[in-house]
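Undergrad: Below are the sequence and a predicted model; questions follow.
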Amino acid sequence: MGFGAIGAAIGEGLTAAQANEAVSRKPEMAGDIFKSMLVGQAIAESASIFALVIAMILLFTNFSTTSYTMISVVLGAGLCMGLGAIGSGVGSGFPAGAACIGMARQPGMSGRLTTNMLIGSAVCQTPSIFALVTSFILLFTDFSGRPVSPTWAALLGAALASGLGAIGSGLGGGLVAETSCQGVARQPEQTTPVTNVMLLGQAVTQTTAIYGLLISFILMFKGFPATEAWAPPMALLAAGLCMGIGAIGPGVGEGFTARSAVDQIARAPEATADLTRVMLVGQAVAESTGIYSLVIALVLIFVV
Amino acid sequence: MAIEGVDIIKAAAFLGAGLAMGLGAIGPGVGEGMAAAKACEAIGRNPKEAGLLTRTMLVGQAVSESTGIYSLVIALLLLFVV
């Protein structure tokens, strides 16, 4: 919850700052800008509401069994949702702020700007929804029949994989949506290609969060044989950490790439094809370290 | 749980491998994204030079990838050799 609140607070702060800037530029649009700021903030807030829900469940559920498995479930669910909300909270703040500025610049475009902002921020929210799903599965699945020893580490690893993995993709997706809102405001006739490339770029930034989700599902649903040794549980925990942390960098980096590509497509429409191609090639290369992390995580789970 | 020498070394090696690859993936991911971002900006400004810019981008990214590959090598060493 604490982590989740950080992200939402930063994101909403960004939006409010840009809304103020926009109002000072075009005071007569204050009403529309205020409305759009609130809608944008509501979306940024949703990630932290997810975190609040999980925190409430954790506080008010009566956990009757105290075993190491249960401790790691509770800790994991909290960490997963808290970490997962950071990226989406901050990320959703970017497009909302850009939409406010855009409205001040092009009052006639406020409808399309709002639509574009909503699509963009909705995509930013997906990684935090992945984290929510993982937290719910952790909380509401009965893991008591499983051997305690590797299971506690598998569950904690699962939580970290989707929680940490959501940070990069949420943030990266937000960067893309920000410039696409700016682009729509600057070049209204370019709305369609800008929105399309935004979605394409965001889809690529989401891939690492999906790898994180994949690893956490494997960790949660694969049965691991009971063990007395320390090595197998550590391997599972490391798999989760590896995929979770490894997903941050490519998510953010691919977001940077798509941000610039979208920005340039709005400025230089004739180069759209070239830009889309270079964006995808650049993102593919940036993705490689995320794939290395996936490979190492899979080796940690299945081979060693 | 019994703690034995070989077991604890293996446990530490696995944890180390995961951390090495995970943390090592952050830098190249962000850095390569920045390189590609600048390439997109330059192509938008000067579309005629797209071929040259793409080539330069790929070379630059390949170099920044190297630390990610070092992390991968170290992680694999920790997993299979140690």
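TA: Yes, it's here. Numbers count the residues shown, from 1 in each chain, chains lettered A, B, ... in the order given.

Undergrad: these two touch, right, residue A:148 and residue A:72?
TA: No: counting by C-beta atoms under 8 Å, residue A:148 stays clear of residue A:72, with 9.4 Å between them. Heads up, the C-betas are built off the backbone N, CA and C, glycines and all.

Undergrad: Compare these two (neighbour count), which wins?
TA: Taking neighbours as other C-beta atoms under 10 Å in any protein chain shown, residue A:148 and residue A:72 compare with residue A:72 leading, 25 against 18.

Undergrad: Give me the three-state assignment for the more buried one.
TA: Put simply, residue A:72 is helix when judged by DSSP: H, G, I helix; E, B strand; the rest coil.

Undergrad: wait, what's in contact with it?
TA: Residue A:72 sits next to A:151-153, A:155-156 when contact means C-beta atoms under 8 Å, 6 or more residues apart in numbering or on different chains.

Undergrad: per-residue confidence at it?
TA: Looking at residue A:72, its pLDDT is 84.

Undergrad: and what of residue A:202?
TA: pLDDT, residue A:202: 92.

Undergrad: could you say what helices and strands the helix or strand hosting it packs with?
TA: Here residue A:202, judged by DSSP states H and E, is contained in helix A:191-221. Here helix A:191-221 touches helix A:110-140, helix A:148-186, helix A:231-267, helix A:272-302, going by 3 or more C-beta pairs under 8 Å, 6 or more residues apart in numbering or on different chains; DSSP states H and E.

Undergrad: okay if I get those helices as a markdown table plus distance to residue B:51?
TA: Output for the helices and strands packed on helix A:191-221, formatted as a markdown table (distance: least, C-beta to C-beta, whole Å):
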| stretch | distance to residue B:51 |
| --- | --- |
| helix A:110-140 | 31 |
| helix A:148-186 | 25 |
| helix A:231-267 | 17 |
| helix A:272-302 | 9 |
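
Undergrad: Ok, which of these comes nearest residue A:91?
TA: Closest to residue A:91 of the helices and strands packed on helix A:191-221 is helix A:148-186 (C-beta to C-beta; 2.5 Å).

Undergrad: so does the closest one get close to chain B?
TA: Yes: interface with chain B: helix A:148-186 contributes A:149, A:168, A:172 (C-beta under 8 Å from any C-beta of the partner chain).

Undergrad: The residue most central in space within chain B: what's it in contact with?
TA: With distances taken as C-alpha atoms, centre = their mean, residue B:68 lies nearest the centre of chain B, 2.2 Å away. By C-beta under 8 Å, 6+ apart, the residues touching residue B:68 are A:288-289, A:292, B:24-25, B:27-29.

Undergrad: now do 6 Å
TA: The neighbourhood of residue B:68, defined by C-beta atoms under 6 Å, 6 or more residues apart in numbering or on different chains, consists of A:289, B:24-25, B:28.

Undergrad: What's the PyMOL syntax to select whichever of the contacts of residue A:72 are buried?
TA: The PyMOL selection below is limited to those of the contacts of residue A:72 classed as buried (16 or more other C-beta atoms under 10 Å in any protein chain shown):
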select buried, chain A and resi 151+152+153+155+156
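
Undergrad: Need the contacts of residue A:72 in CSV (columns: pLDDT).
TA: Below are the contacts of residue A:72 laid out as CSV (pLDDT from 0 to 100):
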residue, pLDDT
A:151, 87
A:152, 88
A:153, 90
A:155, 91
A:156, 90
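
Undergrad: ok, residue 45 - how many residues close by?
TA: Here I'm looking at chain A. Residue A:45 sits with 21 neighbouring residues when counted by other C-beta under 10 Å.

Undergrad: please go with chain B instead
TA: 13.

Undergrad: And residue A:236, by the same measure?
TA: 28.

Undergrad: for the one 3 residues further on, same thing?
TA: The tally of other residues near residue A:239 (other C-beta under 10 Å) stands at 34.

Undergrad: From what I see, it and residue A:303 are in contact.
TA: No: with contact defined as C-beta atoms under 6 Å, residue A:239 does not count as touching residue A:303 (10.7 Å).

Undergrad: Tell me the pLDDT of residue 38.
TA: In the absence of a named chain, chain A is used. pLDDT, residue A:38: 83.

Undergrad: let's do chain B instead
TA: pLDDT at residue B:38 comes out at 92.

Undergrad: Repeat that for residue A:41.
TA: pLDDT, read off for residue A:41, is 81.

Undergrad: what about it, which helix or strand?
TA: helix A:30-60.

Undergrad: That helix packs against which elements?
TA: Under the contact criterion of 3 or more C-beta pairs under 6 Å, 6 or more residues apart in numbering or on different chains; DSSP states H and E, helix A:30-60 touches helix A:2-25, helix A:68-105, helix A:110-140.

Undergrad: Would you mind getting the angle between the longest one and helix A:231-267?
TA: To tie it back to what came earlier, the one meant is helix A:68-105. 10 degrees (axes from the mean of the first three to the mean of the last three C-alpha atoms, to 10 degrees).

Undergrad: Over to residue A:222: give its phi and psi.
TA: The phi and psi values for residue A:222, taken as degrees, to the nearest 10, are phi -80, psi 130.

Undergrad: can you list the residues of the stretch 201-304 of chain A near chain B?
TA: Residues of the stretch 201-304 of chain A found near chain B (C-beta under 6 Å from any C-beta of the partner chain) are A:228-231, A:234-235, A:238, A:241-242, A:245-246, A:248-250, A:252-254, A:256-257, A:260-261, A:264, A:267-268, A:271, A:274-275, A:278-279, A:282, A:285-286, A:289, A:292-293, A:296, A:304.
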